[in-house]
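fold the following and give me the result.
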Amino acid sequence: MAGEAVKAEDVLGCKEGPQQSDDETAENTWGPIDCSTMNVRGGTYLVGRLKQPSEGAIMKLESFDLFYTDSEVRCAVEEPHCVAHWLWKQNPERFFFVINWRMFPLQLAVTYSVDLNGALFTSDEPYAVAFRRYIQLKDADRNSKLKVIPRVVEGPWLVKK
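Okay, here's the model as predicted:
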């Protein structure tokens, strides 16, 4: 409603748009994928050029916020109409990684989170060190290094390729 402050319960309790579900047959829903179905470069890739199944996700998929907007949202965490904003405000012990797709007037903010005291921020494993280096980069450098691998599970053959 115009002129009224946006409340967390209005945004977090919204039942419009895609909803979270563990039911893979449900329509208009989203949920985390099995990361092991994606082949990635492993520790021996430079020797044999063979990719291997990914290990588990290092972050939790929190929200998939798809909406139309009258004005482009440049930062989903700063926008009270976005789920990412309220998740971030209500969970200071977590780090949030938000991918904000701006296809005006359509907007998509996909939000992931991880515990600030977890392995991603404390481990010396290569993936953790690489991630910490990545988040310390300037925006332009981060944007040039992020690689998104889209995957269509169901659909026409041409789209899946």
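
hey, let's count contacts and neighbours off CA atoms from now on
Noted.

just the strands in this protein please.
Along the chain, counting by DSSP state E, strands occupy 19-20, 29-30, 39-41, 51-53, 60-68, 94-103, 106-115.

dump the residue contacts of the residue nearest to Ser54 when sequence neighbours are not counted.
With CA to CA, 6 or more residues apart in numbering as the criterion, Ser54 has its nearest non-adjacent residue at 4.6 Å, and that residue is Ser36. Going by CA atoms under 8 Å, 6 or more residues apart in numbering, Ser36 touches Pro53, Ser54, Glu55, Gly56.

ok, so what distance separates the third one from Thr111?
Shown here: Glu55 relative to Thr111, a distance of 20 Å by CA to CA, to the nearest Å.

what's the answer for the second one, then?
Here the distance between Ser54 and Thr111 works out to 20 Å (CA to CA).

which one of the two is surrounded by more residues?
Neighbour count, other CA atoms under 10 Å: between Ser54 and Thr111, Thr111 has more, with 24 against 15.

that one is in contact with Ser63, isn't it?
Yes - the criterion here is CA atoms under 8 Å, and Thr111 meets it with Ser63 at 5.1 Å.

joint contacts of those two?
In contact with both Thr111 and Ser63: Ala84, using CA under 8 Å, 6+ apart.

pLDDT score for Lys7?
For Lys7, the model assigns a pLDDT of 62.
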